[in-house]
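Asker: With the input below, show me the fold.
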Amino acid sequence: MLEIRELETGYGKKQVVFGLSLDVREGEIVALIGPNGAGKSTVLKAVCGLIPAWKGEIRFDGTPTNGSTPAQNVARGITFAPQGNRVFADLTVVENLEIGGYPLPRKEAKQRIAQVLDLFPVLKERLRQDAGRLSGGEQQMLALARALVPKPKLLMLDEPSLGLAPNLVTTVFRRIAEINRETGVGMLIVEQKVREVLEVCNRVYSMKLGRVAFEGPPGELKSDRARLRDLFL
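Answerer: Below you'll find the model as predicted:
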């Protein structure tokens, strides 16, 4: 579904990603791990069109997306939930969801919001509440729900555990796995909580200094602590 080949990109004159290749198949969860500054979030930004690819190719469903805008990529079926519980704090829960449905016809957006709320019963109880008054875990659920409204084929999540209390991290990852099973949406997840994301992903890539340092099934890392520690040094 998503194919990245020899991607090079960065910010201004600073190159961050060097010749990265990565795949996400339809309906699977792929984890992208590695130390801070490895270039993980930069990869997501390039895929969704927030920054340009300097070299290499990004293809989605067989179509090159290099040079596409974020809006064009959303229309193709790619959505992005950035790190840090990025909700519109002064808007209500339902208004946040309506923003997620903005690219859709009004009737379809309303139907999709109803469908997504079935996945998040806690949000259904807080539709008229300002998003800024939700707990950290609820805001993360709202960010996930908003990204699901356009009915993506690929959902990219940037550190969904960021800022959450330890007891909520497991809950969030359990919900992510349930959403994947219930909707079939593919996921590319950047995450620092390695143990938790390895429990839910099908495959894992580890980045180091802008390059892929490991690719394989999560079991290979879960059973090899020394190797996992080396990837983060």
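Asker: quick one: low-confidence ranges for this structure?
Answerer: 85, 233 (pLDDT under 70).
Asker: let's see 80
Answerer: 84-85, 233 (pLDDT under 80).
Asker: Show me the strands in it, by range?
Answerer: 2-11, 14-24, 29-33, 55-60, 63-64, 78-81, 154-158, 186-190, 203-208, 211-216 (DSSP state E).
Asker: Same list, those strands, but as CSV with mean neighbour count and distance to V93 please.
Answerer: For every residue, glycine as well, the C-beta is placed using N, CA and C. Shown next, in CSV, are these (neighbours: other CB atoms under 10 Å; distance: least, CB to CB, whole Å):
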stretch, mean neighbour count, distance to V93
strand 2-11, 17, 30
strand 14-24, 18, 29
strand 29-33, 25, 26
strand 55-60, 18, 30
strand 63-64, 10, 34
strand 78-81, 25, 15
strand 154-158, 24, 19
strand 186-190, 25, 23
strand 203-208, 22, 33
strand 211-216, 15, 38
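Asker: quick one: contacts for the residue nearest to R227 when sequence neighbours are not counted?
Answerer: For R227, ignoring the flanking residues on the chain, the nearest one in space by CB to CB, 6 or more residues apart in numbering is L221 at 6.5 Å. Neighbouring residues of L221 by CB atoms under 8 Å, 6 or more residues apart in numbering: V194, L198, V204, S206, F214, R227, L228, L231.
Asker: For T65, state which of those is nearest.
Answerer: V204 (23.3 Å; CB to CB).
Asker: quick one on the thing from earlier: can I get the strands of the chain in CSV with distance to L97?
Answerer: Shown next, in CSV, are those (distance: least, CB to CB, whole Å):
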stretch, distance to L97
strand 2-11, 25
strand 14-24, 25
strand 29-33, 23
strand 55-60, 24
strand 63-64, 28
strand 78-81, 13
strand 154-158, 15
strand 186-190, 19
strand 203-208, 31
strand 211-216, 35
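Asker: Any idea which of those strands gets closest to M141?
Answerer: strand 78-81 (10.5 Å).
Asker: distance between the closest one and the chain's centre?
Answerer: 6 Å (CA atoms, centre = their mean, to the nearest Å).
Asker: Pairing partners for that strand, with directions?
Answerer: strand 154-158 (parallel) (DSSP bridges).
Asker: which residues are contacting the strand it pairs with?
Answerer: With CB under 8 Å, 6+ apart as the test, strand 154-158 has contacts from 1-2, 24, 40-41, 44, 47-48, 60, 77-83, 144, 147-148, 176, 185-191.
Asker: What of stretch 104-117?
Answerer: 94, 97-98, 100-102, 123-124, 127, 145, 148-151.
Asker: Out of these, who's the most crowded?
Answerer: Counting neighbours by other CB atoms under 10 Å, L97 leads the contacts of stretch 104-117 with 26 neighbours.
Asker: Give me the neighbour count for the nearest residue to that residue once chain neighbours are set aside.
Answerer: Excluding its sequence neighbours, the residue lying closest to L97 (CB to CB, 6+ apart) is I113, at 4.8 Å. Residues lying near I113 (other CB under 10 Å) number 21.
Asker: And I113, how far from A89?
Answerer: Here the criterion is CB to CB, to the nearest Å. By it, I113 lies 19 Å from A89.
Asker: Equivalent analysis for K151, please.
Answerer: When K151 is compared with A89 (using CB to CB), they lie 25 Å apart.
Asker: same question, F60
Answerer: 31 Å.
Asker: for T65, same thing?
Answerer: To A89, T65 is 31 Å away according to CB to CB.
Asker: do the same with P103
Answerer: In terms of CB to CB, P103 sits 22 Å off from A89.
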